[in-house]
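S.K.: sharing a model that was predicted from the sequence below.
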Amino acid sequence: MSEAKNYKQALKHSIFETISKASINLNLESYVIGGFVRDYMLQRGTAKDIDIVTIGSGIKLAREVSKLLPNNPKVQVFKTYGTAMLKTDDIEVEFVGARKESYSEDSRNPVVENGTLEDDQNRRDFTINALALSLSKENFGELLDPFEGFEDLKSKIIRTPLDPDITYSDDPLRMMRAIRFATQLGFKIEKESLNAITRNKDRIKIITKERIVDELNKILLSERPSIGFKLLEKTGILDFILPELIALKGIDEIEGQRHKDNFYHTLEVVDNISENTDDLWLRWAALLHDIGKAPTKKFSKKVGWTFHGHEFVGSKMVFKLFKRLKMPLNEKMKFVQKMVLMSSRPIVIASEVTDSAVRRLIFDAEEHIEELMTLCEADITTKNPKRFKKYHNNFKIVRQKMVEVEERDHIRNFQPPVTGEEIMETFNIKPSREIGIIKEAIKEAILEGEIPNEHEAAFQFMIEKGKELGLKSN
């Protein structure tokens, strides 16, 4: 990172010249602030979201900018917040007047009044987000950095501009944002700031579930999500938002027999799967795949620690967790449930890979078989190199067998080779339970390998099954 005080090169896009002209027309001082400046300094690519703060009306400035742009983009005004936004090309620009903020104890929504640039920088969450570049003609591109945010960028530190206890108590979502930025950027949260998060952790209760989930999603989508979840656990915030994960913590020992710490194992699985997929919901499945282990944990003198049925229990817990966090109760949730429910199936069949077991696996997983295999491979966290190699080789065998079985039996997107209408016509019967019995028997015969997945074989099987049920064919 360059230590020069002027960054005209960061403002080479024509939108900044337009904003500068509009500011002159309205006799306003304007600045680029926040994420655009931070990401430019970190050389993270060109941001598509730009925040502009002006000493005056952000709404008036947005309208003036729109007039000067060739396509006169529509200005969206948010009067409640005193902000305005417009889109031009592929860039979204938000305008706000510089302001002071004060908070009440039971809300993160501040009382706002007009302020100076210094006031506006004071209200920012972190020093690295308080960096501003001037758009004034006389000092265009000059960096204004009252809290040494530039040094914090170089030192990879997350720190609040003012007293962290006040910053986090005023807007508790900033605690999760601190952890999210630390995770995304690979930064450390400054010690006093981290301690302040721990002291103010119960304030997270006033934040809406939707905003909490938004930050969780961003942590999950980072390169190494475990960084964020370890910080959420260390500060105590995780107890409030995902107690199901906290319940997995710890190792119990009875008669010399121990089990692994399923909390830290889970975080390893999430990191593993993040190397192979950007699918948010598959990462959620990895995060929740073992949550049923806490309520199903038992000790048996004969076999040691057991977690019987934890996949089934865990899949039921997914619904309650999604509902509590106001997450979508739709196909996304059902996908996560299915992955949790089936998370041990490929592991079980890997030791004895039979055609019938593979057929049932493909049938039950339907179009999500690839995601399920990716999850199970990520679930291998053993530190024993021989076991690690053995488990992965077993999964290679399962995958190969899946290809062979699918080419031969066409189980994926399974359609019954004999329809209900054909059964009714053959036996001259009306809709009845016998039709369901015959269709189920055909499906089972195909999955068990008793007959091939072909119409002729299934038809002959249907005739025999009908006889067993006392039906006469035409």
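M.R.: Received it, and whenever you're ready, just let me know what you need. For clarity, every value in this text was computed on a predicted model and none was experimentally measured.
S.K.: may I see the buried residues of stretch 164-183?
M.R.: For stretch 164-183, burial by neighbour count (16 or more other Cβ atoms under 10 Å) applies to 164-165, 167-183. Where C-beta positions appear, they are placed from N, C-alpha and C, glycine not excepted.
S.K.: check stretch 35-54 too.
M.R.: Buried residues in stretch 35-54, defined by neighbour count with 16+ other Cβ under 10 Å: 35-41, 47, 50-54.
S.K.: could you export that stretch as PDB, CA atoms only?
M.R.: The C-alpha trace of stretch 35-54 is given here as PDB (Å, rounded to 0.1, in the frame of the first residue of the first chain):
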ATOM      1  CA  GLY A  35     -15.800   0.500   1.900                       C
ATOM      2  CA  PHE A  36     -14.700   1.900  -1.400                       C
ATOM      3  CA  VAL A  37     -11.700   3.600   0.100                       C
ATOM      4  CA  ARG A  38     -10.900   0.600   2.300                       C
ATOM      5  CA  ASP A  39     -11.000  -1.900  -0.500                       C
ATOM      6  CA  TYR A  40      -9.000   0.400  -2.800                       C
ATOM      7  CA  MET A  41      -6.200   0.600  -0.200                       C
ATOM      8  CA  LEU A  42      -6.300  -3.100   0.300                       C
ATOM      9  CA  GLN A  43      -6.200  -3.600  -3.500                       C
ATOM     10  CA  ARG A  44      -9.300  -5.800  -3.300                       C
ATOM     11  CA  GLY A  45     -10.600  -4.700  -6.700                       C
ATOM     12  CA  THR A  46     -13.000  -2.000  -7.700                       C
ATOM     13  CA  ALA A  47     -16.000  -1.800  -5.500                       C
ATOM     14  CA  LYS A  48     -19.400  -1.500  -7.100                       C
ATOM     15  CA  ASP A  49     -20.900   0.200  -4.000                       C
ATOM     16  CA  ILE A  50     -19.800   3.800  -3.300                       C
ATOM     17  CA  ASP A  51     -20.700   5.900  -0.300                       C
ATOM     18  CA  ILE A  52     -20.700   9.600  -0.500                       C
ATOM     19  CA  VAL A  53     -20.900  11.900   2.500                       C
ATOM     20  CA  THR A  54     -21.600  15.600   2.000                       C
END
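S.K.: and the closest residue to residue 159 other than its chain neighbours, how far from residue 344?
M.R.: Excluding its sequence neighbours, the residue lying closest to residue 159 (Cβ to Cβ, 6 or more residues apart in numbering) is residue 190, at 4.2 Å. Using Cβ to Cβ, to the nearest Å, one gets 42 Å for the distance from residue 190 to residue 344.
S.K.: in which helix or strand would I find residue 245?
M.R.: helix 243-246 (DSSP states H and E).
S.K.: residue 190 and residue 344: which is more packed in?
M.R.: Higher neighbour count among residue 190 and residue 344: residue 190, with 19 against 16, using other Cβ atoms under 10 Å.
S.K.: my guess is that one meets residue 156, correct?
M.R.: No - using Cβ atoms under 8 Å as the test, residue 190 is too far from residue 156 to be in contact (10.5 Å).
S.K.: so how far is stretch 390-398 from its chain's centroid?
M.R.: 28 Å (Cα atoms, centre = their mean, to the nearest Å).
S.K.: err, stretch 66-77, not the other one
M.R.: So, by Cα atoms, centre = their mean, the centroid of stretch 66-77 is 34 Å from its chain's centroid.
S.K.: now swap in stretch 43-51 and tell me
M.R.: Worked out by Cα atoms, centre = their mean, stretch 43-51 lies 21 Å from the chain centre.
S.K.: what does that stretch rub up against?
M.R.: Stretch 43-51 has contacts (Cβ atoms under 8 Å, 6 or more residues apart in numbering) with 1, 13, 15, 32-36, 39-40, 90-94, 96.
S.K.: could you rerun that using 6 Å?
M.R.: 33-36, 39, 91-94 (Cβ atoms under 6 Å, 6 or more residues apart in numbering).
S.K.: repeat for stretch 400-410
M.R.: 353, 355, 358-359, 412, 453.
S.K.: list just the nearest of those residues to residue 64.
M.R.: residue 412 (58.1 Å; Cβ to Cβ).
S.K.: that closest one belongs to a strand?
M.R.: No - counting by DSSP: H, G, I helix; E, B strand; the rest coil, residue 412 is not found in a strand; it is coil.
S.K.: residue 159 touches residue 191, doesn't it?
M.R.: No - contact status for residue 159 versus residue 191: not in contact, 9.7 Å apart, counting by Cβ atoms under 6 Å.
S.K.: settle it for me: which of the two has more neighbours?
M.R.: Between residue 159 and residue 191, residue 159 has the larger neighbour count (other Cβ under 10 Å), namely 23 against 10.
S.K.: what is the burial count for the nearest residue to residue 292 once chain neighbours are set aside?
M.R.: Using Cβ to Cβ, 6+ apart and skipping residues adjacent in sequence, the residue nearest residue 292 is residue 314, 2.9 Å away. Neighbour count for residue 314, taken as other Cβ under 10 Å: 26.
S.K.: could you do residue 240 as well?
M.R.: By the measure other Cβ under 10 Å, the count of residues near residue 240 is 16.
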